[in-house]
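> the sequence and its predicted three-dimensional model are supplied below.
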Amino acid sequence: MTQLPRLDPAAAKRQLEERARDLGFDRIGVARIDIPEDEQHLLQWLEAGFHGEMGYMRRHGLMRSRPQELAPGTIRIISARMDYWPAAAREPQAVLEDAGRGYISRYALGRDYHKILRPALARLAKELAQDIGAFGYRVCVDSAPVLEKALARNAGLGWIGKHTNLISRDAGSWFFLGEILTDLPLPADEPASAHCGTCTACIAACPTAAIVAPYRLDARRCISYLTIEHHSAIPLELRPAIGNRIYGCDDCQLVCPWNKYAHAASHPDFQVRHGLDAPQLTELFAWTEAQFEERMRGSAIHRIGYEKWSRNIAVALGNAPASEAVVAALEGRLEGASGLVREHIEWALARHGARAPGLS
Ligand code: B12
Ligand code: SF4
Ligand code: SF4
């Protein structure tokens, strides 16, 4: 462990909170590292196969619930929240009900959050080191293999709701999480208490019944997984329920009563780009790969690539009201389509009573 002979842990924490606010974080907390119950839940979740094609979840093993194995010497987790709700975006329900438009989840309408949170956390750690002297740390956002929600709960940032997202009593759930794993002996916060009570609105609202029990998400049924993480064909039986959701899904959070306390994002980079809050499906489907690359640069959507993006839009077009424009948009992309995209286009055309040329 780093030697900091004159460290005043309480003063260091106050510095940290001040610096975090200045860097755009909406809340920060400090957790101890032990999460034995969450480790058990993670193991059961993997055992049930709920992770689907996300093989990295299994590969990272117990490092996910034991941060000290990921970064030796870690004794505290600094957990940070950044709100992303884009206030100026088109009203979500109106877009979900307009089947000719694509619905993109609120978190992905602006710039990729990894590009915002990671540098801000690295800067926070550097600035704190200037204040109190060098210390050991590692920055994590999302892809780093720690159980972020469990650690954030223990840092007092909120509780894990029945839909499995972290909720804060005074800020809802429209926020990202990031962490600094550290060897600093900072004073730990009290874990947040849970406030779902008897509510089950998220379970009832899920279009694909992915929340198989309170706090248990079968990712293989979740539209967020199907449209972002799943690489192969989307299971036929789930395609109709996906509706017009072409990247991620927000339904379980849209119905959560705690989100009336959510705050709008203050970071300008979370505001909508390229009209992605209510795009016409036929227009999106006409994008070439070069246009996708250019327009999605810097967006989280870029990570899924043109092929999966096209697969998702084909499903939404299959669920859109039949029209000549929809059929023409689908047929227009058949030539040169990969096997994966072609199969989804053929499915969509069949939904509209049309056939791909060459099919008997
Ligand atoms: C894998 C992953 C996914 C997967 C699986 C989601 C999941 N629930 O696990 C998929 C692709 C489906 C997904 C979707 C989304 N994700 Co995601 N995802 C992750 C990631 C990388 C790992 C999550 C994980 O460890 N899952 C493992 C399982 C075991 O955990 P769990 O389901 O949450 O279960 C916990 C509890 O519910 C409880 N539990 C489990 N079973 C049981 C049973 C009982 C009886 C009890 C009492 C408790 C209990 O213990 C578990 C451990 O704490 C994290 C980042 C990270 N590194 O943590 C982001 C993260 C969770 N995702 C995030 C977001 C924003 C989303 C979406 C909202 C995006 C979108 N709009 O499409 C959706 C939300 C879907 C949903 N309802 O959860 C944010 C959440 C922020 C927040 N406020 O909570 C995170 C933290 C990323 C970030 N850095 O901000 N995600
Ligand atoms: S994100 Fe959508 S599909 Fe996934 S659990 Fe929530 S409502 Fe269900
Ligand atoms: S909708 Fe209800 S049950 Fe679901 S997370 Fe929110 S408060 Fe909890």
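Received it, and whenever you're ready, just let me know what you need. Ligands and ions are numbered 1, 2, ... in the order given.
> now tell me what touches the longest helix seen in the chain from outside.
When the chain is parsed with DSSP state H, its longest helix is helix 114-132. Contact partners of helix 114-132, identified using Cβ atoms under 8 Å, 6 or more residues apart in numbering, comprise 4, 7, 12, 15-16, 19-20, 23-25, 78, 80, 82, 135, 137, 139, 141-143, 176, 178-180, 182, 184, 267, 269-270, 298, 300. Where C-beta positions appear, they are placed from N, C-alpha and C, glycine not excepted.
> downstream neighbour of that helix in the secondary structure list?
Going down the chain from helix 114-132, the next helix or strand is strand 137-140, by DSSP states H and E.
> after that next one, which helix or strand is next?
helix 148-154.
> so what does that following helix touch, helix or strand wise?
If you count contacts as 3 or more Cβ pairs under 8 Å, 6 or more residues apart in numbering; DSSP states H and E, helix 148-154 packs onto strand 27-32, strand 76-83, strand 159-160, strand 166-167, strand 175-182.
> kindly recompute the last result at 10 Å.
The contact analysis (3 or more Cβ pairs under 10 Å, 6 or more residues apart in numbering; DSSP states H and E) places helix 148-154 against strand 27-32, helix 36-47, strand 76-83, strand 159-160, strand 166-167, strand 175-182.
> can you name the next helix or strand after the second one?
Read in the C-terminal direction, the helix or strand following helix 36-47 is helix 55-59, with elements assigned using DSSP H and E.
> downstream of that next one, the next helix or strand is which one?
helix 67-70.
> how about residues contacting that next one?
Here helix 67-70 makes contact (Cβ atoms under 10 Å, 6 or more residues apart in numbering) with 31, 33-35, 60-64, 74-77, 138, 140, 144-147, 151, 179, 181-183.
> one more time with 6 Å
Residues from elsewhere that reach helix 67-70 (Cβ atoms under 6 Å, 6 or more residues apart in numbering): 33, 63, 74, 146, 181.
> avg pLDDT for it?
Mean pLDDT, helix 67-70: 93.
> so which bits of it are buried?
The neighbour-count check on helix 67-70 (16 or more other Cβ atoms under 10 Å) flags 67, 70 as buried.
> from residue 175, how far out is residue 122?
From residue 122 across to residue 175, the span is 19 Å (Cβ to Cβ, to the nearest Å).
> which of the two has more residues huddled nearby?
residue 175 (27 against 15; other Cβ atoms under 10 Å).
> interface residues of the stretch 151-300 of the chain facing ligand 2?
Within the stretch 151-300 of the chain, the positions near ligand 2 by Cβ under 6 Å from any ligand atom are 163, 206-208, 210-211, 217, 222-224, 249, 251-252.
> so which of those residues are also by ligand 3?
The overlap between those and the neighbours of ligand 3 (Cβ under 6 Å from any ligand atom) comes to residue 163.
> can you redo the residues of the stretch 151-300 of the chain next to ligand 2 as CSV with neighbour count?
Below are those laid out as CSV (neighbours: other Cβ atoms under 10 Å):
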residue, neighbour count
163, 25
206, 21
207, 18
208, 22
210, 26
211, 23
217, 21
222, 27
223, 28
224, 20
249, 26
251, 23
252, 26
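> so which of the residues of the stretch 151-300 of the chain next to ligand 2 sit within strands?
211, 217 (DSSP state E).
> between the residues of the stretch 151-300 of the chain next to ligand 2, which sits nearest ligand 3?
Set against ligand 3, the nearest of these by Cβ to the nearest ligand atom is residue 163 (4.6 Å).
> ok, that closest one touching residue 202?
Yes - shown here, residue 163 and residue 202 form a contact pair, counting by Cβ atoms under 6 Å, at 3.8 Å.
> check contacts around the closest residue to ligand 1 within the chain.
Ligand 1 sits closest to residue 248 of the chain, with a gap of 2.8 Å, by Cβ to the nearest ligand atom. Applying Cβ under 6 Å, 6+ apart to residue 248 gives the contacts 105, 108, 224.
> so how far is residue 253 from the last one?
The span separating residue 224 from residue 253 equals 11 Å under the rule Cβ to Cβ.
> and for residue 65?
25 Å.
> could you report the neighbour count for residue 105?
21.
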